[in-house]
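> sequence and computational prediction follow.
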Amino acid sequence: ITSKCFITVSVGMVLAIRCHRQNMKTSIINGSEVSRLSVAIQVELMRNILFFDSMLTPKIITVIYWLTLLGVVISGIGVMTYSGVLSGLLGILIGGVFVRVAFEMVIIAFKNNEYLRKIAEKP
């Protein structure tokens, strides 16, 4: 049975885990189980990162992409003030497309790895 669990945390209230399975059961756990669950989630996250079960680089690349895109926009605004609005807008447009294509090529390698892992895990 496949299930997707959604964790809802409210301050001062219990943690409710709603697992939507075929029979649509909902369970509520108390505070001590919340702390054990929190530790289990943190351990799982650290295990994924330390043993390369999950890739950290795509997350870093996403942050670098947004910073680079911000740099392109700031540079475009700078070009607008010194060279003209049209050349600044053109710089933003071409720079944005170039940055997107460059980062997509890097991310493709990580997506290929993810897809190969899914194929290998199929029975």
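Now that the structure is in, tell me what you want to look at.

> can we go C-alpha only for contacts and neighbour counts from here?
Fine.

> out of the helices and strands in the protein, which is least certain?
strand 15-20 (a mean of 42; mean pLDDT, DSSP states H and E).

> mind listing what Phe110 touches?
Met55, Pro58 (C-alpha atoms under 8 Å, 6 or more residues apart in numbering).

> start at 783 instead
From this message on, residue numbering opens at 783, which makes the last subject Phe892.

> buried residues in the helix or strand hosting it?
Phe892 is part of helix 867-903 when elements are defined by DSSP states H and E. Across helix 867-903, burial judged by 16 or more other C-alpha atoms under 10 Å covers Ser869, Gly870, Leu871, Gly873, Ile874, Gly877, Gly878, Phe885, Ile889.

> state the phi and psi torsions of Gly866.
Dihedral pair for Gly866: phi 130, psi 160, per degrees, to the nearest 10.

> what about it, how many neighbours?
13 (other C-alpha atoms under 10 Å).

> separation between it and Ile856?
Taking C-alpha to C-alpha, to the nearest Å as the measure, Gly866 falls 14 Å from Ile856.

> and Ile823, by the same measure?
39 Å.

> if I look at Ile889, how far off is Leu827?
21 Å.

> how about Ile901?
With C-alpha to C-alpha as the criterion, Ile901 and Leu827 are 23 Å apart.

> same deal with Leu898?
Counting by C-alpha to C-alpha, the gap from Leu898 to Leu827 is 21 Å.

> cool, and Trp848?
Trp848 is 24 Å from Leu827, by C-alpha to C-alpha.

> cool, Arg882 as well?
For Arg882 relative to Leu827 (C-alpha to C-alpha), the value is 29 Å.

> poorly predicted segments of the chain, please.
Filtered on pLDDT under 70, the chain yields the residue ranges 783-819, 821, 831, 834-836.

> swap in 80 and give it another go.
Low-confidence segments of the chain (pLDDT under 80): 783-838, 905.
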